[in-house]
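[1] The sequence and its predicted three-dimensional model are supplied below.
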Amino acid sequence: MATTATGTTPFTYDHGHEHVDDRSFIRKYIFSTDHKIIGIQFLIMSLTFLLLGGMLAMVMRWQLGFPGKPLPGGTLLPDTYTSGGVVLPEFYNSAVTMHGTFMVFFAIMPLLVGVFGNYLIPLKIGAPDMAFPRINMASFWTAVPAGLLMLAGFFVEGGSAAAGWTSYAPLSARSDLTGVHLGQIFWCVSLIVLGLSSIMGSFNYITTVINLRAPGMNWFRLPLSIWALFVTACLVLLAIPVLSGAAILLLFDQTIGTHFFDPQAGGQPLLWQHLFWFFGHPEVYILILPGMGMVSDIIANGARKPVFGYTSMVLAIIAIGFLGWGVWGHHMFQSGMNPTLGTTFMISTLLIAVPSAIKTFNWLGTIWKGQITFHVPMLHALAFVSMFVIGGLSGVFMAASPFDIYIHDTYFIVAHLHYVLFGGSLFAIFAAVTYWYPKMFGRMMNPTVGKVHFWLTLVFYNCTFFPMHQLGLHGHMRRIYDPTQYAFLKDLQPVNTFISISAFLLFATQFIFAANFIMSWFKGEKAPNNPWLDNGLEWTLPSPPPHGNFATVPTVYRGPYEYSSPHSDQDYIPQNVPTPGGGYGAPHTQPAGD
Amino acid sequence: MAHAAAIHTEDVMLPPPAREAGAGVYTEKLGMWIFLGSEVMFFTALIGTYVILRFAHPSSWKNPGEVLNIPVTAVNTFLLICSSVTMVKAFAAVQDGLLRQLRLWLVATCIIGASFVGVQVYEYTHLIEKGFVPSEGLYGSTFYTMTGFHGFHVTMGVICMIYVTLKAFRGKYTQADHRGVEVIGLYWHFVDLVWIILFTIVYLI
């Protein structure tokens, strides 16, 4: 565990990186301790899971848009999944469950925390690597078996877990209720193993940010992306063990016959919900805070202006991270919990709107009267802000328990969570991937293709998820297999069909991104050191940066957002430039690094 | 020695190159403190579960001593506290540069820690023979989960302690640099502390 690295990490920073990198292929690209390679490994893993999660969503949308019609290619699936090509209810439940599980635990969370936490933290704070590089490697190589185990659920008797991504007990605890036994066990074990991976990652990030900052990089010169990743790592560190604990109890209920969640023997189903959401709500902020941080970096860059209210942005991140611990009960207004407790949770939830609004207004303040460059990452970042506002506002609706009672477990919730997870997190991920792609792979992505992907995604995304608000207000329940079975939902079937067609187009659009990603990797234009004219330390390095990052430890003289400064003839001043007003050559030649 | 340490305002084991001031402790120690924060939350989940279930169903619990053998576990608790003492002695020895004593105290800690696990296995086998199994209502469920996960942590600790001890025998720790000993010590004391809480709420109350 943690102690295996004790006394083995060298005291001094290795300055010998100028020599030829003679590590073997396996040490360099597979079992690498280099944070940049680990970040890219997480990127490939989580994009794969994003694709798998998306495919499951397509299965669901087919069934909801065209219930009873054979799924295209459905006859290729085993008989336990489809009958004559038509999706069976059991498979539909599996798809709902695994779509949520894949997206939350194996796509969005590793994309934000695993990829950009790894890639950006050491580069942006001027460190040679993570504090514990070997634990970092172990973190990736425990995430992979966890993912494979989760996938394996599809290939065992009874199919994969089917009790929803929240695995509410006793539905998840007793296999006689769902017919799923092994799949649910795999779900628990996979999340326990993944939790280990997350904890190894998070205490590494926290230690790195606290102890490995370059001289001059004080707390209030940290880019907001690093602040956000730091607070996120704290949330991961403290929330994930609670999920692990809960998953262990559930696993014991399924395997060795304990009775934690079995009401017949005195167990408490509500206990599962409390444990799950005590983890689950900080998890929500784990899934959005890194996006907020990276979007702040990108918006300042695109607007060529300093971030408006840097300190209040930092305080808002901390406030969200802190308040996020006291709101979990708003997922449980309808659970039979004490209503007085519900009021408490309602008030604490509404409080979170304050720091969120501070962030939103600061983003608007940042672009206000800026010389905006609409590069692809900036477009995605602006989409993030606008979509997050919609998702955030519907969040305020459902925080109010009287309204939540009406829309609880309807498509209104589905719309809300996709506005923050797709409209929020995923647009932030697109922004961040397109922004740091040149640094990661040394090549530019094609901007024209990028813009086509952006606009199509924005349009089809809104066509898919906005009408879900309407479905929800009409009482359309979430997770139902066939809406046409309910008389009061019959009129809404055209809406469902429209959503499904939009969803298929949205899914197809993502292949434009995939093609751009893969083609640019091999054929893209060579990236300069600093294509976006950004102030961050990573842009002072070659693209991609060498093993060990900085040949000499950089000294930091200023904050990360000095754009359009009157002190410079450039419109940006990198963080390691000592004196204001000094010309330091053409934009792409850098004074430090190589 | 404590006086000498107090003179230095900064940790003597900080890395030499100029960095931005961090937490003022070396990275491995900081990492362990943060990792222990995660462990606190894990045990909080288990203990919280126990408290909630027990308050909701007090009748599922037997009186202290009715099922569990308190004297045996009390001796075991004493053993674990002793191992914390030997750990402190090991750390004090290496701080003073007494490397032979360091090895001696580390071996003692390994042996006592392993004995704790051994006694727990003995306790489990006897309880299971008597018919007290994990599926025995909430009492059995919580008892085995909580003590079992603590035992798992002690086992992991013993494995790491053996690793540190082997390194000590190979002369890897000196008066100037003995980070491994301090870091494993932090973990060890934490696990000991958790047991004191568990022993109180599971066995005595």
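    It's in.
[2] So the residue nearest to A:F422 when sequence neighbours are not counted: helix, strand or coil?
    Closest residue in space to A:F422, ignoring its immediate chain neighbours: A:Y461 at 6.3 Å, by Cβ to Cβ, 6 or more residues apart in numbering or on different chains. Just so you know, the C-beta spots here come from the backbone N, C-alpha and C atoms, and that holds for glycine as well. Reducing the assignment at A:Y461 to three states with DSSP: H, G, I helix; E, B strand; the rest coil gives helix.
[3] Count the neighbours of A:V389 for me.
    By the criterion of other Cβ atoms under 10 Å in any protein chain shown, A:V389 has 18 neighbours.
[4] host element of it?
    helix A:376-399 (DSSP states H and E).
[5] Secondary structure element for A:Y561, which one?
    Residue-wise, A:Y561 maps onto no helix or strand under DSSP H and E.
[6] Hmm, it is touching A:G536, no?
    No: counting by Cβ atoms under 8 Å, A:Y561 stays clear of A:G536, with 9.7 Å between them.
[7] shared neighbours of these two, which are they?
    A:P223 (Cβ atoms under 8 Å, 6 or more residues apart in numbering or on different chains).
[8] low-scoring pLDDT stretches of chain A, where are they?
    A:1-20, A:579-594 (pLDDT under 70).
[9] Enumerate every residue touching the residue nearest to the spatial centre of it.
    With distances taken as Cα atoms, centre = their mean, A:I108 lies nearest the centre of chain A, 3.0 Å away. Going by Cβ under 8 Å, 6+ apart, A:I108 touches A:S46, A:L50, A:L287, A:L421, A:S425, A:L426, A:I429.
[10] Could you verify that A:F374 is part of a strand?
    No: read with three-state DSSP, A:F374 is coil and lies in no strand.
[11] Give me the nearest residue to it, chain neighbours excluded.
    Here the residue nearest A:F374, using Cβ to Cβ, 6+ apart, is A:G302, at 7.1 Å.
[12] hang on, isn't that neighbour packed against A:V376?
    No: counting by Cβ under 8 Å, A:G302 does not reach A:V376; the two are 10.0 Å apart.
[13] In the chain, mark out all the strands, start to finish.
    Since no chain was named, I'll use chain A. Secondary structure of chain A (DSSP state E): strands at A:82-83, A:86-87.
[14] okay, these in CSV with distance to chain B next?
    Converted to CSV, those look like this (distance: least, Cβ to the nearest Cβ, whole Å):
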stretch, distance to chain B
strand A:82-83, 37
strand A:86-87, 37
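[15] hey, which of these is tucked in deepest?
    strand A:86-87 (a mean of 22; mean count of other Cβ atoms under 10 Å in any protein chain shown).
[16] which residues does the closest residue in space to A:V104 that isn't next to it in sequence contact?
    Among residues not flanking A:V104 along the chain, A:W165 sits closest, at 6.2 Å (Cβ to Cβ, 6+ apart). Contacts for A:W165 were tallied using Cβ under 8 Å, 6+ apart; they are A:V96, A:T97, A:H99, A:G100, A:T101, A:V104.
[17] Run a quick neighbour tally on A:H476.
    So A:H476, with other Cβ under 10 Å, has 22 neighbours.
[18] looking at it, it is touching A:P483, isn't it?
    Yes: with contact defined as Cβ under 8 Å, A:H476 reaches A:P483; the gap is 6.4 Å.
[19] neighbours around the residue nearest to A:M60 when sequence neighbours are not counted, how many?
    The shortest distance from A:M60 to any non-neighbouring residue, by Cβ to Cβ, 6+ apart, is to A:A95 (5.2 Å). For A:A95, the count of nearby residues is 24 (other Cβ under 10 Å).
[20] and what of B:G48?
    Quick note: B:G48 (other Cβ under 10 Å) scores 16 neighbours.
[21] For chain A, see how far away it is.
    8 Å (Cβ to the nearest Cβ, to the nearest Å).
[22] What of B:V67?
    Taken as Cβ to the nearest Cβ, the span from B:V67 to chain A is 16 Å.
[23] Report how many residues lie close to that residue.
    16.
[24] Same check on A:Q485?
    Count around A:Q485 with other Cβ under 10 Å applied: 10.
[25] and it, what is it in contact with?
    With Cβ under 8 Å, 6+ apart, A:Q485 has no contacts at all.
[26] leaving aside the residues next to it on the chain, what's closest to A:I512?
    Nearest one to A:I512, counting by Cβ to Cβ, 6+ apart, is A:H453 at 4.3 Å.
[27] For the one you found, give me its contacts.
    A:T509, A:Q510, A:I512, A:F513, A:N516.
[28] Please produce JSON lines containing the residues you listed, extended by neighbour count.
    Output for those, formatted as JSON lines (neighbours: other Cβ atoms under 10 Å in any protein chain shown):
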{"residue": "A:T509", "neighbour count": "19"}
{"residue": "A:Q510", "neighbour count": "19"}
{"residue": "A:I512", "neighbour count": "17"}
{"residue": "A:F513", "neighbour count": "21"}
{"residue": "A:N516", "neighbour count": "22"}
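[29] What separation is there between B:T125 and chain A?
    Taking Cβ to the nearest Cβ, one finds B:T125 at 16 Å from chain A.
[30] by contact count, what packs against the longest helix along chain B?
    Criterion DSSP state H: the longest helix present in chain B is helix B:137-169. Helices and strands touching helix B:137-169, by 3 or more Cβ pairs under 8 Å, 6 or more residues apart in numbering or on different chains; DSSP states H and E, are helix A:224-255, helix B:27-56, helix B:99-129, helix B:179-198.
[31] I'm done for today, thanks for sticking with me.
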